[in-house]
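Enquirer: can't give you the sequence, but here's the structure:
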Ligand SMILES: C=C(O[C@H]1C=CC=C(C(=O)O)[C@@H]1O)C(=O)O
């Protein structure tokens with residue numbers, strides 16, 4: 001960072017003077033010290049703060065909101081499009097000459113299904129994006145701090161002084177924290193004890209899956225994703241930023257956090273809904289799962305997954321539906337001919353990447369509307385399956401399996417599917433997982449799969465006893481013809497269904 005702190009603060013002050021009295025929002029961005037994002041987040045109130053870190057991309061941490069774009073009901077995509085367009089039309093962008101920051105963006109997410117946001121999701125609603133008051137971005141070895149202001153409210157008098165003081169404090173704290181590693185900040189914590197974990201009863205899960213299989217047999221669906229919630233009572237309050245930091249061990253995943261007053265929604269998702277840069281579109285099908293125990297040689301397990309007819313059919317439904325959905329939006333669209341195996345520690349998925357060239361007029365919100373929910377989290381037919389899920393699942397999904405991400409001022413966007421995620425609050429966490437059900441699915445094996453998918457978040461919560469027990473259970477014998485039965489047995493799920 002070449003410019004001095006005093007010079008940077010002067011640049012922001014001069015820009016605020018120019019904006020004074022204007023009834024519009026503006027983002028002023030300056031170079032900032034390269035520090036752990038958690039140092040930034042700890043400076044700000046939790047409510048409306050967020051974190052976003054995609055593999056190989058820019059990480060963003062934000063706090064406060066100068067604009068809050070709330071959407072609800074069936075019309076939420078249209079509402080989002082209108083509000084985002086209006087924001088980019090009014091927004092002024094001011095950049096310190098020594099920085100080349102990424103364009104301003106809104107961050108947020110949508111619930112899986114409009115209205116499916118009863119307790120504990122009330123603070124999240126059907127959809128919410130923010131233009132953050134403060135946004136700290138890190139890319140390679142550079143960092144930037146953006147301050148969003150409202151010209152006629154923030155740029156004069158005590159309000160202006162307050163914001164300039166806060167700017168000074170942010171830059172000073174970041175400078176002190178510079179070059180500290182995020183991991184070094186979090187020494188291994190004491191293990192939590194006497195945690196109670198309430199899982200959905202196996203019998204209720206079997207009943208639910210059998211209902212789906214009956215509907216599939218009757219020709220109503222080809223696939224429906226079944227999900228369940230695990231309620232974790234924690235003996236002490238858990239620091240959501242620490243949980244988020246611990247998720248760094250999930251390779252190739254996007255870590256995200258969206259905090260509200262008393263709860264934070266966070267996770268490490270392996271599934272990209274779409275990435276739009278100009279007219280280049282990338283997306284993927286991720287469905288079909290197997291367990292590869294820690295320390296095992298993955299090739300044999302991967303081969304077995306690739307050869308599993310049930311997993312291939314579950315995956316093919318997602319591939320075909322993404323291709324069908326995107327065709328009208330693309331001049332070109334290519335997908336790998338065969339899925340590959342994508343391994344995230346002991347969880348393996350079938351994975352098919354897509355790359356396309358978008359038609360000129362296609363915007364990010366149209367892609368969001370078209371792609372969500374893919375049959376990797378909903379089912380087929382998509383709309384009917386999502387409605388069925390919202391009315392039949394025991395617990396509201398809220399933002400779990402919804403899209404979370406950002407849209408920027410030049411029309412680029414990136415969203416992931418909010419899986420491997422949960423809510424964390426005072427003394428309480430809720431972990432959500434699901435599994436695709438097709439005609440060849442076995443309810444008990446799918447239950448075991450949803451237990452496996454809980455592990456990353458349970459470990460990050462520090463519930464090592466339970467997580468360890470399940471982890472040890474994953475120490476499966478060499479793969480044979482009964483991969484899923486072995487997994488069920490090891491996870492302590494009885495039965496041969
Ligand atoms: C719904 C989830 O995973 C989806 C993504 C990958 C593999 C899946 C599966 O094999 O069932 C699911 O479709 C979840 O992790 O909660």
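Expert: That came through fine. This structure is a prediction, so every number in the text was calculated from the model and none was measured.

Enquirer: Spell out which parts of the stretch 151-300 of the chain neighbour the ligand.
Expert: Residues of the stretch 151-300 of the chain lying close to the ligand by C-beta under 6 Å from any ligand atom are 225, 271, 286-289. C-betas here are computed from N, CA, C, even on glycine.

Enquirer: now these in JSON lines, with neighbour count and pLDDT?
Expert: Formatted as JSON lines, these follow (neighbours: other C-beta atoms under 10 Å; pLDDT from 0 to 100):
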{"residue": "225", "neighbour count": "27", "pLDDT": "98"}
{"residue": "271", "neighbour count": "24", "pLDDT": "98"}
{"residue": "286", "neighbour count": "24", "pLDDT": "98"}
{"residue": "287", "neighbour count": "29", "pLDDT": "97"}
{"residue": "288", "neighbour count": "28", "pLDDT": "97"}
{"residue": "289", "neighbour count": "23", "pLDDT": "98"}
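
Enquirer: can you put these in CSV and add secondary structure?
Expert: Compiled in CSV, those are given as follows (DSSP: H, G, I helix; E, B strand; the rest coil):
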residue, secondary structure
225, strand
271, coil
286, strand
287, strand
288, strand
289, strand
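
Enquirer: Kindly indicate which of these lies nearest residue 384.
Expert: Closest approach between those and residue 384, by C-beta to C-beta: residue 225, at 13.0 Å.

Enquirer: who's that closest one bridged to?
Expert: Beta-bridge pairing for residue 225 (DSSP bridges): residue 436.

Enquirer: OK, contacts around it?
Expert: 375-379, 385, 389, 401, 434-437 (C-beta atoms under 8 Å, 6 or more residues apart in numbering).

Enquirer: do residue 122 as well
Expert: Contacts of residue 122 by C-beta under 8 Å, 6+ apart: none found.

Enquirer: Could you report the distance from the residue lying closest to residue 113 once chain neighbours are set aside to the ligand?
Expert: Leaving aside its chain neighbours, residue 113 sits nearest to residue 390 (4.2 Å; criterion: C-beta to C-beta, 6 or more residues apart in numbering). As judged by C-beta to the nearest ligand atom, to the nearest Å, residue 390 and the ligand stand 15 Å apart.

Enquirer: would residue 390 count as being in a strand?
Expert: No. Counting by three-state DSSP, residue 390 is not part of a strand but helix.

Enquirer: and stretch 344-354, anywhere near the ligand?
Expert: Yes. Counting by C-beta under 6 Å from any ligand atom, contacts between stretch 344-354 and the ligand involve residue 349.

Enquirer: I'd like the mean pLDDT over that stretch, please.
Expert: Throughout stretch 344-354, pLDDT has a mean value of 97.

Enquirer: Who are the contact partners of the residue lying closest to residue 5 once chain neighbours are set aside?
Expert: Of all residues not flanking residue 5 in the chain, residue 171 sits nearest, at 5.6 Å (C-beta to C-beta, 6+ apart). Residues near residue 171 by C-beta under 8 Å, 6+ apart: 5, 8-9, 30, 32-33, 145.

Enquirer: In a markdown table, list these along with pLDDT.
Expert: Supplementary listing: these in a markdown table, determined by pLDDT from 0 to 100:
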| residue | pLDDT |
| --- | --- |
| 5 | 95 |
| 8 | 98 |
| 9 | 98 |
| 30 | 98 |
| 32 | 97 |
| 33 | 96 |
| 145 | 98 |
